[in-house]
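Enquirer: no FASTA, just this:
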């Protein structure tokens, strides 16, 4: 008799007797044939077992100054996958010369796609960015999300002599790091 374990947020519990089992998966958005391991021995004294499953979708985050497909691309913006609360997972992805940051192996499903969470962690130093957790779903195996990183506002910096109130410093440089 099959033992079906419902998984919620990566975890499920069930009463399972000792024995050898073949493992199959039914997970929306994932390649169910990629479940590993494909068999498991449930033994006395071991109460936690770990499995992995892969996905085959591709999410491209296209970053431009105006957030459109034809806008000026931003090179060097970084992103990371997260969960809904912002915990980070996997490697940082950086936009290329076309302004594309590509997340491979993300889940997709035509009718019941799981939510994919991500956040931007940096831009190129000249552009503003939103570092809050964002999300999308893929109903096909590839999708592109347009993201805006507008130019930073132009600011005026004044430098005056500390000993002579209001006297402008004739020349120099300031570095903001």
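Expert: Yes, it's here. In this text the structure is predicted, and so the values were computed from the model without any measurement.
Enquirer: state the distance from the spatially most central residue of the chain to residue 36.
Expert: Against the mean C-alpha coordinate of the chain, by CA atoms, centre = their mean, the closest residue is residue 81 at 2.0 Å. Distance, residue 81 to residue 36, by CB to CB, to the nearest Å: 20 Å. In short, each C-beta sits where N, CA and C put it, glycine included.
Enquirer: swap in residue 120?
Expert: Residue 120 is 31 Å from residue 36, where distance means CB to CB.
Enquirer: more crowded one of these two?
Expert: residue 120 (21 against 12; other CB atoms under 10 Å).
Enquirer: how about the contacts made by that one?
Expert: By CB atoms under 8 Å, 6 or more residues apart in numbering, the residues touching residue 120 are 63, 77-79, 129-131, 134, 147, 149.
Enquirer: please repeat the previous calculation with a cut-off of 7 Å.
Expert: Applying CB atoms under 7 Å, 6 or more residues apart in numbering to residue 120 gives the contacts 77-79, 129-131.
Enquirer: can you check residue 51 too?
Expert: Listed by CB under 7 Å, 6+ apart, the contact partners of residue 51 are 23, 35-37.
Enquirer: most surrounded residue in those residues?
Expert: Within those, residue 35 tops the neighbour count with 17 neighbours, counted by other CB under 10 Å.
Enquirer: what's the neighbour count on the spatially closest residue to that one that is not a sequence neighbour?
Expert: The spatial neighbour of residue 35 that comes closest, neighbours along the chain excluded (CB to CB, 6 or more residues apart in numbering), is residue 25 at 4.1 Å. Using other CB under 10 Å, residue 25 has 15 other residues around it.
Enquirer: ok, now which ones touch residue 25?
Expert: By CB under 7 Å, 6+ apart, the contact list for residue 25 reads 32, 35, 53.
Enquirer: of the residues you listed, which belong to strands?
Expert: 32, 35, 53 (DSSP state E).
Enquirer: as a markdown table, the residues you listed with pLDDT and distance to residue 160 would be great.
Expert: Output for the ones in strands among the contacts of residue 25, formatted as a markdown table (pLDDT from 0 to 100; distance: CB to CB, whole Å):
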| residue | pLDDT | distance to residue 160 |
| --- | --- | --- |
| 32 | 95 | 68 |
| 35 | 97 | 67 |
| 53 | 97 | 62 |
